[in-house]
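S.K.: Quick one: sequence and predicted model below, then my questions.
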Amino acid sequence: MKILVATDKPFAPEAVEGIRKVVEGANQELVLLEKYTDKSQLIEAVADVDAMIIRSDKATKEVLDAAKNLKVIVRAGAGFDNIDLAAATANNIVAMNTPGQNSNAVAELAIGMMVMAARNNYAGTAGSELKGKKVGIHAYGNVGKLVGKIAKGFGMEVVAFDPFVEKAAIEAEGVTVVDTVEELYSTCQYISLHIPANDKTKKSINYDLLSKMPKGGTLVNTARKEVIDEEGMMKLMTERKDVKFVSDIAPDSRDKFEADFAANVFFTPKKMGAQTAEANINAGVAAANQILNFLEKGDDTFRVN
Ligand code: 3PG
């Protein structure tokens with residue numbers, strides 16, 4: 001069977017080798033499509049494959065409809081908002097993700113971005129320290145949990161809001177749980193976002209919520225740009241020169257943010273939270289194993305549709 005790895009942003013070479021070993025070790029064929037520049041290349045590549053691994057690549061209805069033999073698609077990563085799940089289901093394609101496999105890389109970047117903001121983007125001026133500050137973890141999943149763990153090493157106080165995780169389980173890790181999202185934003189100097197992008201969360205980080213941030217409040221986004229109401233963020237930053245916004249996913253209005261609030265924003269050139277060799281190997285190899293387990297044994301653990 002043919003297993004396609006389609007990555008606009010390629011995995012580290014070691015990860016591709018790891019995937020190749022798993023696939024060819026099972027006597028299946030690996031097809032590689034990297035750094036493609038047009039969706040027509042993806043549509044052409046999916047035509048005769050049985051399974052595929054993607055990252056943030058867009059598996060739209062058009063792509064999935066063109067994949068006549070496709071039985072399973074695995075998003076090597078956590079967020080699967082780039083897969084049209086309804087189209088996958090309609091085409092009898094099983095969709096999966098690989099939760100937890102790239103979390104440490106994202107958590108390390110979130111903390112790194114906090115340090116960067118605290119040191120005024122390394123401008124050479126007197127900044128501040130993370131020690132003794134409160135970090136609010138907005139969603140205590142695989143990444144949020146690790147951010148909390150690392151933040152403790154910095155001497156930060158860790159607070160979390162996550163209505164989907166049992167309060168006692170979070171508290172058992174020495175993390176303070178707040179019952180409302182408003183409380184999180186009003187009490188923490190740093191907010192680290194870890195919510196997925198879906199119909200309920202899009203633009204949910206709005207002016208009302210953001211304006212609760214204390215003096216010097218910093219929003220760190222290593223989740224998805226869609227969850228932030230950019231107009232609201234801009235309104236707040238226009239009113240308050242103390243607020244900072246650092247993000248691994250450039251907002252749509254990146255140019256305006258950078259022009260108007262240069263000293264208080266930082267955006268990575270390309271989403272790079274999960275872009276480490278370790279995360280690529282973990283997520284890529286897990287995806288390959290999940291595909292084989294599904295094709296050989298019907299195991300659909302981590303199915304999302
Ligand atoms: C994820 O959802 O796992 C991260 O956003 C990583 O995305 P990437 O594989 O495109 O780097």
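M.R.: Nice, thanks for sending it over.

S.K.: what sits against residue 155?
M.R.: 130-132 (Cβ atoms under 8 Å, 6 or more residues apart in numbering). (Glycine included, C-beta is placed from N, CA and C.)

S.K.: switch to 10 Å and redo it
M.R.: Contact analysis of residue 155 by Cβ atoms under 10 Å, 6 or more residues apart in numbering lists 129-133.

S.K.: Dump those residues to JSON lines, plus distance to residue 114, secondary structure and neighbour count.
M.R.: Formatted as JSON lines, the contacts of residue 155 follow (distance: Cβ to Cβ, whole Å; DSSP: H, G, I helix; E, B strand; the rest coil; neighbours: other Cβ atoms under 10 Å):
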{"residue": "129", "distance to residue 114": "10", "secondary structure": "coil", "neighbour count": "12"}
{"residue": "130", "distance to residue 114": "6", "secondary structure": "coil", "neighbour count": "19"}
{"residue": "131", "distance to residue 114": "12", "secondary structure": "coil", "neighbour count": "10"}
{"residue": "132", "distance to residue 114": "13", "secondary structure": "coil", "neighbour count": "11"}
{"residue": "133", "distance to residue 114": "9", "secondary structure": "coil", "neighbour count": "20"}
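
S.K.: What residues does the stretch 51-200 of the chain have near the ligand?
M.R.: Contact residues of the stretch 51-200 of the chain with respect to the ligand, defined by Cβ under 6 Å from any ligand atom, are listed as 55-56, 77-79, 102.

S.K.: What's the ChimeraX line that selects buried ones from those?
M.R.: The buried residues among these can be selected in ChimeraX (16 or more other Cβ atoms under 10 Å) with this line:
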select :55,56,77,78,79,102
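
S.K.: what helices or strands is the host helix or strand of residue 20 leaning on?
M.R.: Applying DSSP states H and E as the criterion places residue 20 in helix 13-25. The helices and strands touching helix 13-25, judged by 3 or more Cβ pairs under 10 Å, 6 or more residues apart in numbering; DSSP states H and E, are strand 2-7, strand 29-34, strand 51-54, helix 277-297.

S.K.: could you pull out the helices for the stretch 101-250 of the chain?
M.R.: 103-118, 142-153, 167-171, 181-187, 207-210, 230-239 (DSSP state H, counting those that start in this stretch).

S.K.: Distance from the chain centre to the third one, please.
M.R.: Right, the one you point to is helix 167-171. Mean-position distance between helix 167-171 and its chain equals 23 Å (Cα atoms, centre = their mean, to the nearest Å).
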